[in-house]
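Undergrad: Let's see this in three dimensions:
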Amino acid sequence: MVEVKVREGENLENALRRFKKEVEREGILKLAREKMYYKSPSVLKKEKNAYLRRKSELRKKRLSK
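TA: As a prediction, the model looks like this:
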């Protein structure tokens, strides 16, 4: 769990900004959005394979240049 303590002399806006960065870095919102709706294992497998395929194609494209 993300915890941000307000430093001495720090205003609340800066502490909130640090909190948002920590939440983004931890991937909490991304995970919550993914878990919002159920995806069957076959759909997850297809998405994973598509991601790996795109990544592989980009790598090949970069190496060929």
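
Undergrad: any idea how far E10 is from the residue nearest in space to the middle of the chain?
TA: What sits nearest the mean C-alpha location of the chain, by Cα atoms, centre = their mean, is G27, with 4.1 Å. As defined by Cβ to Cβ, to the nearest Å, G27 lies at a distance of 25 Å from E10. Every residue, glycine included, has its C-beta placed from N, CA and C.

Undergrad: The residue lying farthest from the centre of the chain: which element?
TA: If you look at how far each residue of the chain sits from its centre, by Cα atoms, centre = their mean, the farthest one is G9, at 31.1 Å. G9 belongs to no helix or strand when elements are defined using DSSP states H and E.

Undergrad: can you check K48 too?
TA: Assigned by DSSP H and E, K48 belongs to helix 41-64.

Undergrad: Give me the contacts around that helix.
TA: Under the contact criterion Cβ atoms under 8 Å, 6 or more residues apart in numbering, helix 41-64 has outside partners K39.

Undergrad: Buried ones in the lowest-mean-pLDDT helix or strand in the chain, by neighbour count?
TA: Lowest on mean pLDDT, DSSP states H and E among the helices and strands of the chain sits helix 28-35, with a mean of 92. Of all the residues in helix 28-35, not one is buried under the rule 16 or more other Cβ atoms under 10 Å.
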